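Enquirer: please find the sequence and the predicted model below.
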Amino acid sequence: ADGYAAAGYVALAPAFFDPVEPGVELGYDQAGTARGRELVAQLGLDAALQIVAAAAAWLQARLAGRGEPTAVGTVGYCWGGTVAMLSALRLGLPSVSYYGARDLPFLEDPALTTAPRAPVMFHFGEHDASIPPSAVEAHRRALPAMAVHTYPAGHAFNRDVDPDAYGKGSATLARARSLAFFAGHLR
């Protein structure tokens, strides 16, 4: 959120897991990842989308009250990448999805892919063991009008707090593309 705010956007990072475990803070270690997966399963994607919709409505009202433009988009990483994709397809919020490993079942739903409600941009690492090339191609087939980018990186290549995952060149290029996407869709 800080990076997008520094680029001139109003940024809001909802506390998705508060309905399950208020105030939870997770590390990027094995225990934090395992607990995150548990919380994701407990929360579910429908509840996550309700949180996104509520956050977007709150933000739009606040911006309108200040006389500012009210266009809202989303960006998400990993599980959040799937939340971002669904925010575009179901909620109509232009979105950027980084390495959404849970996308495939939704790409098989013609109700979502035939007439997407908003554009979505995808970023994938070419060496991501959780998202094989066939899954990336499934995105291109299901949503041919959407931008699907790949990078010579693995999963979580944008996670700058993790030197084992972070791919500076890939992250820099993906961020530039994401900012250009938002500049074009959040007028």
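Expert: Happy to help now that I have it. Numbers count the residues shown, from 1 in each chain.
Enquirer: what lines up beside the lengthiest strand in the chain in the sheet?
Expert: When the chain is parsed with DSSP state E, its longest strand is strand 120-125. Sheet pairing for strand 120-125, assigned by DSSP bridges, gives strand 95-98 (parallel), strand 148-151 (parallel).
Enquirer: export the last one to PDB, keeping only CA atoms.
Expert: Once side chains and other backbone atoms are set aside, the C-alpha atoms of strand 148-151 remain, and they are given as PDB (Å, rounded to 0.1, in the frame of the first residue of the first chain):
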ATOM      1  CA  VAL A 148      -0.900 -11.700 -19.100                       C
ATOM      2  CA  HIS A 149       2.700 -11.100 -18.400                       C
ATOM      3  CA  THR A 150       5.400 -13.600 -17.500                       C
ATOM      4  CA  TYR A 151       8.800 -12.900 -15.900                       C
END
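Enquirer: neighbouring contacts of the longest helix along the chain?
Expert: The residue-count maximum for a helix in the chain (DSSP state H) belongs to helix 45-65. For helix 45-65, contacts defined as C-beta atoms under 8 Å, 6 or more residues apart in numbering pick out 10, 12, 14, 16, 19, 69-70, 72, 74, 82-83, 86-87, 90-91, 93, 102. To be clear about C-beta, it is placed using only N, CA and C from the backbone, and glycine gets the same treatment.
Enquirer: please apply the same query to stretch 112-119.
Expert: 86-95, 106-107, 142-143, 145-146, 181, 185.
Enquirer: the same query, at a cut-off of 6 Å, please.
Expert: For stretch 112-119, the external contacting residues (C-beta atoms under 6 Å, 6 or more residues apart in numbering) are 88, 89, 92, 93, 94, 106, 142, 143, 185.
Enquirer: quick one on the thing from earlier: any idea of the mean pLDDT for the longest strand of the chain?
Expert: What strand 120-125 shows for mean pLDDT is 98.
Enquirer: what's it in contact with?
Expert: 85, 88, 95-99, 131, 136, 139, 146-151, 153-155, 157, 174, 181.
Enquirer: circling back: check which residues of the longest helix of the chain are buried.
Expert: Within helix 45-65, the residues scored as buried using 16 or more other C-beta atoms under 10 Å are 45, 48, 49, 51, 52, 55, 56, 59.
Enquirer: restrict that helix to CA atoms and write it as CSV.
Expert: Taking Å, rounded to 0.1, in the frame of the first residue of the first chain, the C-alpha atoms of helix 45-65 are listed here in CSV:
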residue,chain,number,x,y,z
LEU,A,45,-13.2,-16.1,-1.2
ASP,A,46,-16.8,-14.9,-0.9
ALA,A,47,-16.2,-13.2,2.4
ALA,A,48,-12.9,-11.7,1.0
LEU,A,49,-14.9,-10.2,-1.9
GLN,A,50,-17.5,-8.8,0.5
ILE,A,51,-14.6,-7.1,2.3
VAL,A,52,-13.3,-5.7,-1.0
ALA,A,53,-16.7,-4.4,-1.9
ALA,A,54,-17.2,-2.8,1.5
ALA,A,55,-13.7,-1.3,1.4
ALA,A,56,-14.2,0.1,-2.2
ALA,A,57,-17.6,1.6,-1.2
TRP,A,58,-16.1,3.2,1.9
LEU,A,59,-13.2,4.6,-0.1
GLN,A,60,-15.4,5.9,-2.9
ALA,A,61,-17.6,7.7,-0.4
ARG,A,62,-14.6,9.2,1.3
LEU,A,63,-13.1,10.4,-1.9
ALA,A,64,-16.4,11.8,-3.2
GLY,A,65,-16.8,13.7,0.1
